[in-house]
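In: one predicted model, sequence on top.
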Amino acid sequence: MNIIQLFSLLDLKRDQILEFGSTDYIRIEKNINFERKINSEIDSITSENLILALKEYKEELLFVMSNSIFFNFFAQNKFSKKYIFNNDLFISDEKVKHFITLFLQDDLISFFSLKLSKSTGEDLEELDFLLDFKTYFSEEIIYKMKLLVFSKLDLAVSQLGIPNSNNHSSINYIKFKAFYSLLSHFATIELDKKMSNLLSLVIDSYNKNTSSIFFRSVIKSMAFYNAFSENLTKILAKNSTVVPLLPEEVENAKMPPVVKIIIAIMIFAIILFLISK
């Protein structure tokens, strides 16, 4: 458990962080001690760190708590694409970076690794959103994240390099656009080479079975990699337009815009009706 999770568990009020004083710290410590008796996940280090953060790093803690992407990630709440920053607090990037390194680095890497290992479309999308705020991460954190992400790409290249293998369940993630958006955060000459290797293997596999929905999806999704080399970016974009449309794209293309609008209005009306009941 980290200090963000503990803060939430204690049901403390975010908008009171800057106002907490000595009597509040005593009350919070008592609450922590009580919770520790019934919750073995709360360790002494996290307990001490939360009190320290509340006393010495009020603004940094409030900043992280106010950033919806950070808060949901560290609290392990359900991912939401809607970014909200509920504060007009101004604080330097370096202070936030120091705070995250001091109190949240281990869980940041651990949660990142866990979500990357699952590699669902939503997990990859959340990590992509998280890395939009990598300016608040230390070089060490970014380096560790890069190694984890690169390992997923290396695994895909390795699996596709196995002759006559048709089982792609372990690398299903390469069909998701979010995987390539995630890779884009680490775009370098080295990564471009890895992507070129992947592209060659994917093209070879697709040419052997042009009806494969999986490889058509991969080729189209690879266009979302923002390469270090402009030439590679153009190649990936061009390839995505050459392969046939995916089934869902065909259906969308067949549907007239007016019909799409009518369907959207009907869905909205149904939602309003259900809410009002």
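Out: On my side now, so go ahead.
In: how long is stretch 164-180 end to end?
Out: Start and end residues of stretch 164-180 are separated by 25 Å (Cα to Cα, to the nearest Å).
In: what about it, average pLDDT?
Out: For stretch 164-180, the mean pLDDT works out to 93.
In: what are the buried residues along that stretch?
Out: 168, 171-180 (16 or more other Cβ atoms under 10 Å). Yep, even glycine has a C-beta here, placed from its N, CA and C like the rest.
In: show me the shaky parts of the stretch 1-150 of the chain.
Out: Scanning the stretch 1-150 of the chain for pLDDT under 70 picks out 86-87.
In: quick one: the helices in it, in order.
Out: All helices of the stretch 1-150 of the chain, identified by DSSP state H, counting those that start in this stretch, fall at 3-9, 22-38, 44-56, 58-66, 68-75, 93-103, 105-118, 121-131, 139-160.
In: before we move on, what about the stretch 151-277 of the chain?
Out: 177-184, 189-208, 213-221, 230-242, 247-254, 257-276.
In: tell me, which of the ones you listed is the model least confident about?
Out: Looking at the helices of the stretch 151-277 of the chain, the weakest mean confidence is helix 247-254, a mean of 50.
In: please name the nearest non-neighbouring residue to residue 10.
Out: residue 31 (5.4 Å; Cβ to Cβ, 6 or more residues apart in numbering).
In: how many residues are close by that neighbour?
Out: For residue 31, the tally of surrounding residues (other Cβ atoms under 10 Å) stands at 15.
In: again, but for residue 41
Out: Count around residue 41 with other Cβ under 10 Å applied: 11.
In: likewise for residue 56?
Out: 11.
In: what's the separation between it and residue 101?
Out: Residue 56 sits 15 Å away from residue 101 when distances are taken as Cβ to Cβ, to the nearest Å.
In: same check, this time on residue 213
Out: From residue 213 to residue 101 the distance is 43 Å (Cβ to Cβ).
In: mind checking which of the two has more residues around it?
Out: Neighbours were counted for residue 213 and for residue 101 using other Cβ under 10 Å; residue 101 has more, 15 against 12.
In: check contacts around the more buried one.
Out: 138, 140-141 (Cβ atoms under 8 Å, 6 or more residues apart in numbering).
In: domains in the chain, by residue range?
Out: 1-103, 137-244, 248-277 (automatic domain parsing).
In: among those, which is nearest residue 113?
Out: domain 137-244 (5.6 Å; Cβ to Cβ).
In: what about that closest one, start to end distance?
Out: Start-to-end, domain 137-244 (Cα to Cα) is 40 Å.
In: same question for stretch 226-233.
Out: For stretch 226-233, the end-to-end distance is 6 Å (Cα to Cα).
In: residues contacting it, please?
Out: 181, 184, 187-189, 191-192, 195-196, 225, 236.
In: among those residues, the buried ones, what's the PyMOL command?
Out: Buried residues within those, by 16+ other Cβ under 10 Å, are selected in PyMOL with:
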select buried, resi 181+184+187+191+192+195+225+236
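In: tabulate the contacts of stretch 226-233 (TSV), appending distance to residue 22.
Out: Converted to TSV, the contacts of stretch 226-233 look like this (distance: Cβ to Cβ, whole Å):
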residue	distance to residue 22
181	46
184	47
187	49
188	50
189	55
191	51
192	55
195	55
196	60
225	53
236	58
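In: which two of the contacts of stretch 226-233 have the greatest separation?
Out: 181 and 189 (19.3 Å).
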